[in-house]
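Asks: below is the structure, and that's it, no one-letter string:
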């Protein structure tokens with residue numbers, strides 16, 4: 001199960017280490033624990049090993065839950081933690097003689113009770129692996145449906161969903177347009193244009209907090225949604241993105257066309273304000289940026305005066 005969980009988590013698993021561990025366990029059982037006569041020793045040895053492995057699986061489940069937001073991974077951790085505690089209790093019970101003197105289900109021993117609980121958890125945690133695979137597939141399909149395949153940014157559907165998930169946050173939108181993009185494609189080909197679109201998204205993501213999002217809504221137009229960001233803070237973010245993109249373009253080699261960014265900014269003026277209305281205001285600011293020579297950052301006039 002441990003190698004299976006690590007493979008699922010895309011973490012390296014070395015088969016030779018697994019085989020060496022199994023071989024070492026067999027040798028210890030045969031030569032150290034004196035075969036079938038040392039029942040307590042075998043129970044203690046096996047319980048310690050199972051406890052450690054189950055705790056490692058709990059750790060893998062927690063990491064998966066945090067990294068991929070898989071609720072089923074937290075269930076996995078919750079199912080392996082009790083069995084780890086059971087095995088931790090089983091070892092001292094064997095050491096004190098409470099278990100190990102009789103066969104597994106003889107009488108009403110503590111061993112029988114632990115065994116019955118263990119069987120229940122083993123059945124449940126095998127099922128949760130299938131649940132994790134199904135949940136990951138659902139996440140991947142959702143991400144595919146809401147993402148732009150070229151840049152990895154959200155598409156329009158993903159943008160609408162992200163805006164709804166921001167909830168009560170007062171949103172500030174950045175509408176970003178790449179200047180001279182058509183000329184870039186004409187001079188260097190669409191492959192060069194596609195590459196710079198990906199570079200722009202990478203630059204934007206570097207400068208965004210975790211909850212904020214970037215979406216591609218047109219050929220070279222992108223929207224950034226900042227939650228609870230005043231206009232001055234949004235302007236700083238836009239300036240950082242513009243400067244970082246300029247540096248990134250300079251590092252792409254000799255270009256006949258050097259694209260820059262024109263950015264329009266608009267802030268949600270009321271909680272009931274629809275995303276389309278915010279984007280219309282940002283588009284008006286972007287148009288003013290284009291009219292005044294490109295490579296500029298402009299805020300929506302009404303919002304700027306209100307601030």
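Replies: Sure, I can see it. Note that the structure is predicted; figures quoted are calculated from it, not measured.

Asks: next one: the nearest residue to residue 278 once chain neighbours are set aside from residue 269, what distance?
Replies: Closest residue to residue 278 apart from its sequence neighbours, by Cβ to Cβ, 6 or more residues apart in numbering: residue 173 at 4.8 Å. Every C-beta, even on glycine, is put in place using the N, C-alpha and C of the backbone. Per Cβ to Cβ, to the nearest Å, residue 173 is found 12 Å from residue 269.

Asks: ok, these two, which is more surrounded?
Replies: Set residue 173 next to residue 269 and count neighbours by other Cβ atoms under 10 Å: residue 173 wins out with 25 against 15.

Asks: and that one, bridged to which residues?
Replies: Beta-bridge pairing of residue 173 under DSSP bridges involves residue 225, residue 266.

Asks: count the residues that sit near the closest residue to residue 224 other than its chain neighbours.
Replies: The spatially closest residue to residue 224, leaving aside those adjacent along the chain, is residue 174, at 4.0 Å (Cβ to Cβ, 6+ apart). Look at residue 174: counted by other Cβ under 10 Å, it has 28 neighbours.

Asks: and residue 174, how far is that from residue 295?
Replies: Residue 174 is 15 Å from residue 295, by Cβ to Cβ.

Asks: quick one: buried residues of the helix or strand where residue 164 lies?
Replies: Secondary structure assigned from DSSP states H and E places residue 164 in helix 156-165. Neighbour-count burial for helix 156-165 flags 158, 159, 161, 162, 163 (criterion: 16 or more other Cβ atoms under 10 Å).

Asks: same thing with stretch 7-22?
Replies: By 16+ other Cβ under 10 Å, the buried positions in stretch 7-22 come out as 8, 9.

Asks: go on, stretch 69-84?
Replies: If you call a residue buried by 16+ other Cβ under 10 Å, then stretch 69-84 has these buried ones: 70, 72-84.

Asks: let me see the ranges of the strands in the stretch 51-200 of the chain.
Replies: Assigned by DSSP state E, counting those that start in this stretch, the stretch 51-200 of the chain shows strands spanning 171-178.

Asks: against residue 244, how distant is the residue nearest to residue 278?
Replies: Distance from residue 173 to residue 244, by Cβ to Cβ: 19 Å.

Asks: residue 22 too?
Replies: Relative to residue 244, residue 22 is positioned 51 Å away (Cβ to Cβ).

Asks: how about residue 24?
Replies: Distance from residue 24 to residue 244, by Cβ to Cβ: 52 Å.

Asks: what helix or strand is residue 6 on?
Replies: Going by DSSP H and E, residue 6 is part of helix 2-8.

Asks: other residues contacting the next helix or strand after that helix?
Replies: Moving toward the C-terminus from helix 2-8, the next helix or strand (DSSP H and E) is helix 15-27. For helix 15-27, contacts defined as Cβ atoms under 8 Å, 6 or more residues apart in numbering pick out 3, 45, 49.

Asks: just stretch 134-150 next, same as before
Replies: With contact meaning Cβ under 8 Å, 6+ apart, stretch 134-150 is reached by 68-72, 153-155, 157-158, 161, 194, 197-198, 215-216.

Asks: pLDDT on that stretch, on average?
Replies: Summarised as a single mean, pLDDT over stretch 134-150 is 89.

Asks: what's the answer for stretch 282-296, then?
Replies: Per-residue scores along stretch 282-296 average to 93.

Asks: run a quick neighbour tally on the residue lying closest to residue 260 once chain neighbours are set aside.
Replies: Once flanking residues are discounted, residue 260 sits nearest to residue 295: 3.8 Å by Cβ to Cβ, 6+ apart. Residues near residue 295, counting by other Cβ under 10 Å, number 17.

Asks: contact partners for residue 295?
Replies: Contacts of residue 295 (Cβ under 8 Å, 6+ apart): 179, 242, 260, 261, 262.

Asks: among the residues you listed, which are in strands?
Replies: Among the contacts of residue 295, the members found in strands (DSSP state E) are 261, 262.

Asks: ranking the contacts of residue 295 by neighbours, who comes first?
Replies: residue 261 (28 neighbours).

Asks: wait, isn't it in contact with residue 244?
Replies: No: using Cβ atoms under 8 Å, residue 261 makes no contact with residue 244, being 9.9 Å away.

Asks: give me phi/psi at residue 230?
Replies: When read as degrees, to the nearest 10, the backbone of residue 230 gives phi -70, psi 170.

Asks: repeat for residue 221
Replies: phi -110, psi 130.

Asks: quick one: it from residue 46, how far?
Replies: Residue 221 is 62 Å from residue 46, by Cβ to Cβ.

Asks: check which helices and strands the helix holding residue 6 is in contact with.
Replies: helix 39-68, helix 110-145 (3 or more Cβ pairs under 8 Å, 6 or more residues apart in numbering; DSSP states H and E).

Asks: out of these, deepest packed?
Replies: Compared across those, helix 39-68 shows the largest average neighbour count, a mean of 18 (mean count of other Cβ atoms under 10 Å).
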